[in-house]
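[1] show me how the following folds:
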Amino acid sequence: MIPFSIDPDIRKAFTVPSAWYRDRATYDQVLENVLLPSWQYVASEAEIQEASETVALPVNILPGSIDEPLVVVRDSKGTRILSNVCTHRGNILVRKACTLREIRCMYHGRRFNTEGKCIHMPEFKEVVGFPAATDNLRVIDHGTFANMHFARVAPLREAQPLPESGNGAGKGSDDGAATGLSFDSWAQILNDRLGFLPLKNAVHIAEHDKDFTINAHWALYVENYLEGFHIPFVHPGLNAVLEWNSYETICLDNAVLQIGIARPNDLAFTLPTNHIDHGKHVAAYYYWMFPNIMINVYPWGISLNSILPQGIDKTLIRYRTFVWDPSTFNTGAGSALDTVEAEDDDVVEHVQRGIRSHIYDRGRYSPTREQGVHHFHRMLEVSLVDNRSNPRLKR
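    Model (predicted):
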């Protein structure tokens with residue numbers, strides 16, 4: 001793995017070395033130690049149909065890389081997410097969305113109740129100590145925000161503190177790495193500013209779902225998202241509706257928030273008088289949740305982006321749209337998102353070509369425009385196993 005160190009003082013810091021993006025062993029370590037323990041989007045409420053019978057919906061965590069098979073189960077007791085792999089020989093249990101009374105393996109007949117407990121297995125009477133807890137399906141941590149269901153496969157790991165910043169660049173918390181956050185803490189980061197919105201009315205509009213594949217490392221796409229520095233140069237349409245000089249970046253524990261300010265006559269939120277941003281003409285709240293989830297919030301609703309690694313130089317960007325105000329949909333900063341996506345894809349793919357250079361290694365950060373990228377790199381530094389020997393990271 002390619003280790004690296006990011007100076008806490010953004011004025012002195014150098015970016016991640018280019019070799020980090022090119023190294024296969026590093027890519028695999030990041031999947032296991034950064035992506036797998038993080039909260040990932042799995043389904044919308046609309047996909048988990050309301051029914052008098054138990055509904056089961058098979059899903060995958062991080063399709064194309066981790067590909068962990070899970071099943072979302074909804075019954076009279078609520079919603080839970082279970083492993084979708086039989087504890088006998090590893091067969092996939094639920095292959096398509098369905099209603100059921102119990103979960104049965106079609107390979108050898110092992111049966112589980114809808115809470116994941118093993119309740120029957122043919123020809124196992126002579127097996128000592130059967131069934132044990134390991135014969136049950138694992139219940140996966142999960143939570144819901146704005147009718148979006150999220151899950152995390154790996155267990156909690158103790159949050160590691162980030163070293164203190166030398167100059168205070170970037171506002172907010174530097175309290176720790178993301179993998180230690182409970183879902184309630186994760187969602188609270190969003191609710192702090194978004195709680196006034198009709199989040200429970202967010203309706204998944206499947207016809208607007210889109211997937212984009214780009215030939216670039218997933219972290220390069222995240223870095224591009226985390227700074228508004230490039231907007232005047234790459235996004236002329238978006239720049240026309242945002243006040244670039246008023247663009248704000250706030251570094252938070254587990255997240256980065258970017259606030260886009262609308263031009264005087266363009267669509268903006270109506271903020272309550274007690275809101276922290278009251279008095280600002282906010283066009284959009286752009287939340288990045290470590291390491292790969294983007295929740296873009298507009299007056300009409302939410303555009304959710306899941307950034308899914310497909311290989312060392314390929315990434316799937318999955319768009320899911322949730323609307324609570326159809327009358328303003330696709331207006332203001334939340335309009336022409338396909339055009340913005342195409343512009344981002346083009347520049348990120350050119351960066352992917354650039355990091356293969358034998359000449360380029362590490363760059364520097366703009367202290368006023370790239371606080372989010374700096375914060376992301378420091379969170380990666382703390383999260384990766386091979387960096388724990390770094391003497392500058394006190395634990």
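
[2] just give me the longest helix of this structure.
    Taking residue count as the measure and DSSP state H as the definition, the longest helix of the chain comes out as helix 337-354.

[3] OK, contacts around the spatially most central residue of the chain?
    With the centre of the chain defined as its mean C-alpha position, the nearest residue by C-alpha atoms, centre = their mean is I293, 2.1 Å away. When the contact criterion is C-beta atoms under 8 Å, 6 or more residues apart in numbering, the partners of I293 are S38, W39, Q40, Y41, L304, N305, S306, I307. C-beta here means a position set from N, CA and C on the backbone, and glycine is covered the same way.

[4] domain map for the protein?
    The record's domain parsing of the chain by automatic domain parsing lists 18-37+160-389, 40-152.

[5] which of those has the lowest mean pLDDT?
    Lowest mean pLDDT within the domains of the chain: domain 18-37+160-389, a mean of 86.

[6] for that domain, what is the distance to the chain centroid?
    Domain 18-37+160-389 has its C-alpha centroid displaced from the chain centroid by 9 Å (C-alpha atoms, centre = their mean, to the nearest Å).

[7] got it, and stretch 28-45?
    From the chain centre to the centre of stretch 28-45 is a distance of 7 Å (C-alpha atoms, centre = their mean).

[8] kindly check the end-to-end length of that stretch for me.
    32 Å (C-alpha to C-alpha, to the nearest Å).

[9] can you name the residues bridging to Y285?
    I259, V297 (DSSP bridges).

[10] scratch that, F150 is what I was asking about
    Residues in beta-bridge contact with F150 (DSSP bridges): Y41, G143.

[11] helices along the stretch 151-300 of the chain, start to end?
    183-194, 218-225, 231-234, 236-239 (DSSP state H, counting those that start in this stretch).

[12] just name the most buried of the ones you listed.
    helix 218-225 (a mean of 22; mean count of other C-beta atoms under 10 Å).

[13] and it, what does it pack onto?
    Under the contact criterion of 3 or more C-beta pairs under 8 Å, 6 or more residues apart in numbering; DSSP states H and E, helix 218-225 touches strand 282-289, strand 301-311, strand 314-323, helix 337-354, helix 371-383.

[14] out of those, flag the one nearest K77.
    Between K77 and the helices and strands packed on helix 218-225, the shortest gap by C-beta to C-beta is with strand 314-323, which sits at 25.8 Å.

[15] where's V71 relative to E45, distance?
    When distances are taken as C-beta to C-beta, to the nearest Å, V71 and E45 turn out to be 16 Å apart.

[16] so between the two, which is more surrounded?
    Legend: neighbour count by other C-beta atoms under 10 Å for V71 and E45, higher for V71 (26 against 19).

[17] dump the residue contacts of D346.
    Under the contact definition (C-beta under 8 Å, 6+ apart), no residues are listed for D346.

[18] equivalent analysis for T270, please.
    T270 is in contact with P299, counting by C-beta under 8 Å, 6+ apart.

[19] how near is it to I259?
    Here the distance between T270 and I259 works out to 15 Å (C-beta to C-beta).

[20] sorry, back to before: the longest helix of the chain: which residues count as buried?
    The neighbour-count criterion (16 or more other C-beta atoms under 10 Å) identifies L337, V340, E341, E343, D344, D345, V347, V348, E349, Q352 as the buried residues of helix 337-354.
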